[in-house]
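>>> build the 3D model from these lines:
(one chain, ligands or ions: 1)
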Amino acid sequence: MRLVMLGLPGAGKGTQGELLGRRLAIPRISTGDMFRAVLRSETALGRQVKEYVERGELVPDHLTVALVEERLNQADAGRGFVLDGFPRTVPQARALDEKLRQIGRPLDAAVFIHVPEEEAVRRVSARRVCEQCGATYGQAQVEQSGGRCPACGGPLVQRPDDSEETARRRLQVYLSQTRPVVDYYKERGILVEVDGQQPIPDVLEDILRALGQQGNAGVSGG
Ligand SMILES: [Zn+2]
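Residues are numbered from 1 along each chain as shown. Okay, here's the model as predicted:
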C-alpha cells in the first residue's frame, strides 16, 4: 500500500504514519529524516541538496522527488510506503505523481487527519522534546512525566519551532500551501479523511477501515 500523510502540524501525522507502517509492514518515510540522512551522506544527490541547504535556499522539488525515488528503490519499500512531510505543495504533489507513474507505483491513498486549527495550535505548543534523547511527547505524556523524559530521564523542553507564535505561522503556511494539496487528492479521488480528535488507536482504526484494511487488527502483532 502506497500512502501519503496530510494534516496540520500537530494533527498526528507522524504518530499515525508510524503506526500504519507497523500495521501494514511498510516503512514510514519521513522527508525530514531523509534530508538529515542525505546531508550526512556523500552521494552526488546529497552534495546537490547540501549546496541549497548551505545557501539557505529551498531544495527544488525535482531534487526532493529524486530523493524520494531513491528511497523508494530500497528493498524495504517494495511492498509500499507511508510518506510523511511531502508533498507540501500542489506542484510537489504533481511531480510526485508523475514520478510514481513513471515507475509504475502510483499512490493508493492520501490520508488526511483532520483537526480544527485551534486544536492544532494547542497541541503543538503543548509538545515537549527530550533534550537528551530527542523523543517528542504530547500534552498528556508531558503532564504525567513531571518534566522528565519517561524514556531516559532527560529534561523536557519546548522546541523553538513549537512556540505558539511559530505554530500559528506554520499553520498559515499550511493553510496557503498544503490545504490545496488536500483538494488535489480529493479531485483525484484518493483522499481518505479521518477525524483526528479521537484517541490515537481510534484514529488508526478509522484510517485502516477507510483503506479497507480493517481486518488486520492484532494479526500482525502490532
Ligand atoms: Zn529522553
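>>> okay, CA-based contacts and neighbour counts for the rest of this
Fine.
>>> next one: the residue nearest the centre of the chain from residue 15, what distance?
Closest to where the C-alpha atoms of the chain average out (CA atoms, centre = their mean) is residue 84, at 2.6 Å. Distance of residue 84 to residue 15, given as CA to CA, to the nearest Å: 10 Å.
>>> what of residue 193?
Residue 193 is 16 Å from residue 15, by CA to CA.
>>> neighbour count winner among those two?
residue 193 (18 against 14; other CA atoms under 10 Å).
>>> which elements pack onto the helix-or-strand element of the chain with minimal mean pLDDT?
Lowest by mean pLDDT, DSSP states H and E among the helices and strands of the chain is helix 31-40, with a mean of 83. Packing contacts for helix 31-40, counted by 3 or more CA pairs under 8 Å, 6 or more residues apart in numbering; DSSP states H and E, involve helix 44-54.
>>> just checking the distance from the next helix or strand after the helix it packs on to the centre of its chain.
Next in sequence after helix 44-54, counting helices and strands by DSSP states H and E, comes helix 61-72. Counting by CA atoms, centre = their mean, to the nearest Å, helix 61-72 is centred 16 Å from the centre of its parent chain.
>>> ok, residues contacting helix 61-72?
Helix 61-72 has contacts (CA atoms under 8 Å, 6 or more residues apart in numbering) with 31, 34, 45, 49, 77-78, 81, 91-92, 95-96, 99.
>>> now do the end-to-end distance for stretch 75-92.
Stretch 75-92 stretches 24 Å from its first residue to its last (CA to CA).
>>> which residues touch that stretch?
Contacting residues not belonging to stretch 75-92 are listed as 1-6, 13-14, 17, 20-21, 25-32, 61, 65, 71-72, 93, 96, 174, 177-178, 180-181, 184 [CA under 8 Å, 6+ apart].
>>> cool, and stretch 113-131?
5-13, 135-139, 142, 148-149, 154-159, 162-164, 167-168, 171, 193-197.
>>> ok, now how distant is the residue nearest to residue 58 when sequence neighbours are not counted from residue 90?
Counting by CA to CA, 6 or more residues apart in numbering, the nearest residue to residue 58 once its immediate chain neighbours are dropped is residue 52, at 6.4 Å. The gap separating residue 52 from residue 90 is 21 Å, by CA to CA.
>>> perfect, that will be all.
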